[in-house]
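1. This is a predicted model, with the sequence first.
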Amino acid sequence: MAKPFGALALLLLVGCPVSADDLAADFERLCGVFEEALALNDKPGVMAVYVRDNLPYRVESKEVLDAYDAIFLVDPSERYRVFKQAAEANMADSWDCLAFKALVE
């Protein structure tokens, strides 16, 4: 069941009009928000609220925010892999964010 939703997340980004450099910067900003949330070392709900409150102000591209929203349609064990594939497909570069992985799986 995760595969159709994984494809959906990839389709949200592939071919979007935003430049690869802009997307790369936003994927890094997204990772930064997750690193800050994880550094709070608080309850999962508190960290989730931190992410929810900060992403819209720090990540500029709607495409990255839409892909993040879509990732919750994917099985938790597949979320990081699918999001990573979407990021790398659009950045034409590798992307890793262990804080993101820790908080979305």
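-> Everything's here; your move.
2. any idea of the pLDDT on the residue nearest the centre of the chain?
-> Using Cα atoms, centre = their mean, the residue of the chain that lies closest to the mean C-alpha position is Tyr68, 4.4 Å off. Tyr68 is assigned 91 on the pLDDT scale.
3. now do Lys84
-> Confidence score, pLDDT, at Lys84: 91.
4. my read: it touches Trp95, true?
-> Yes - here Lys84 reaches Trp95: they are 5.9 Å apart, a contact under Cβ atoms under 8 Å. (Glycine included, C-beta is placed from N, CA and C.)
5. ok, now which ones touch the residue nearest to the centre of the chain?
-> 30, 55, 59, 83 (Cβ atoms under 8 Å, 6 or more residues apart in numbering).
6. Glu63 - how many residues pack around it?
-> Using other Cβ atoms under 10 Å, Glu63 is surrounded by 21 other residues.
7. Now do the phi/psi pair for it.
-> Reported as degrees, to the nearest 10, the phi and psi values for Glu63 are phi -60, psi -40.
8. next one: Ser94
-> Torsion angles, degrees, to the nearest 10, at Ser94: phi -80, psi 150.
9. Let me know the distance separating the nearest residue to it once chain neighbours are set aside from Arg81.
-> Spatial nearest neighbour of Ser94, chain neighbours left out: Glu88 (6.0 Å); criterion: Cβ to Cβ, 6 or more residues apart in numbering. Separation of Glu88 from Arg81 (Cβ to Cβ, to the nearest Å): 11 Å.
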